[in-house]
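Q: just a sequence and a predicted model for now, questions to come.
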Amino acid sequence: MLELTDVVREYRIGGQTVRALDGVSLRVEAGRFLSVVGPSGAGKSTLLHMLGALDSPGSGSIRFLGREIGHLSENQQAAFRRNQVGFVFQFFNLLPTLSAWENVAVPALLDGIGMRKTRTRAIELLESVGLGDRVRHRPSELSGGQMQRVALARALIMDPPLILADEPTGNLDSHTGTTILELLAGIAHSGDRAVVMVTHNPAAAAATDRLITMRDGRIDADEQTAAS
Ligand code: ADP
């Protein structure tokens, strides 16, 4: 699904250059749940931004389903993100004034898909994450784990092949976090999707199929886990 070749990303601040990614090559296959770990500053977020077309490499190539996405215009990047990627964040990023189903519906409505079709699909997705009885609740009326399940449903509304998760269990207790990891694994293993998760949590990483360790902008280790 994804193939990165020699990806370099540098930041220049006040005459100094930091190589956030220093020649990263990586293949990601569909049907897999990957985690990216490593110390702070290792380049994990920068890598996730590259995979989600939130940033462009200085050099190197990023191919997604055979298409080069490393050097798209801003409009092309936005269209790519809307249709091909579902994002899940540590702090859920739900809109507080909208109900659960309305939050799930937002990406589809912004893409011009009709309200009736979108509402039906949003409710189906909430049912699939175990929230069929919470569709009208606002975020403030939900627990952290329930909010993250709403965010998972939202990430799936456009049926994207790639799900990117940035510390999705970072704000949850371990039991609730396990439920979210099981849902993410189910999403990855159900077929044509890949899930890539950045985490600091060793237990969360151990729940994935493949563990990529970054250090100083490079891939330091790339291993299958016991869960795979
Ligand atoms: P991680 O997610 O592993 O903590 P990052 O990808 O955020 O690491 O950062 C990698 C390196 O790039 C760090 O040295 C960081 O300071 C630098 N960096 C990241 N984003 C920026 C930015 N917007 N401007 C300047 N330097 C940045």
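A: Okay, I see it.
Q: tell me the helix or strand right after the helix or strand where residue 165 lies.
A: Assigned by DSSP states H and E, residue 165 falls within strand 162-166. Next along the chain after strand 162-166, taking DSSP H and E as the criterion, comes helix 174-189.
Q: that following helix: what's the following helix or strand?
A: strand 194-198.
Q: for the following helix or strand past that next one, name the packing helices and strands.
A: The helix or strand immediately downstream of strand 194-198 is helix 202-206, counting by DSSP H and E. Helices and strands touching helix 202-206, as assessed by 3 or more C-beta pairs under 8 Å, 6 or more residues apart in numbering; DSSP states H and E, comprise strand 33-37, helix 174-189. Every C-beta, even on glycine, is put in place using the N, C-alpha and C of the backbone.
Q: out of the ones you listed, nearest to the ligand?
A: Shortest distance between the ligand and those, using C-beta to the nearest ligand atom, is found for strand 33-37: 8.3 Å.
Q: can you list the strands that the closest one pairs with?
A: strand 194-198 (parallel), strand 210-215 (parallel) (DSSP bridges).
Q: could you pull out the strands for the protein?
A: Residue ranges of the strands in the chain, as given by DSSP state E, are 2-13, 16-28, 33-37, 59-64, 67-68, 85-88, 162-166, 194-198, 210-215, 218-224.
Q: in TSV: these, plus mean pLDDT, mean neighbour count and distance to the ligand.
A: Putting those into TSV (pLDDT from 0 to 100; neighbours: other C-beta atoms under 10 Å; distance: least, C-beta to the nearest ligand atom, whole Å) gives the following:
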stretch	mean pLDDT	mean neighbour count	distance to the ligand
strand 2-13	96	16	3
strand 16-28	96	16	3
strand 33-37	97	24	8
strand 59-64	97	17	15
strand 67-68	94	10	22
strand 85-88	96	22	15
strand 162-166	97	24	9
strand 194-198	98	26	7
strand 210-215	97	20	6
strand 218-224	96	13	11
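Q: between the ones you listed, which one is closest to residue 146.
A: Closest approach to residue 146 among these (C-beta to C-beta): strand 85-88, 14.0 Å.
Q: how far out from the middle of the chain is the closest one?
A: Centre-to-centre, strand 85-88 and its host chain are 4 Å apart (C-alpha atoms, centre = their mean, to the nearest Å).
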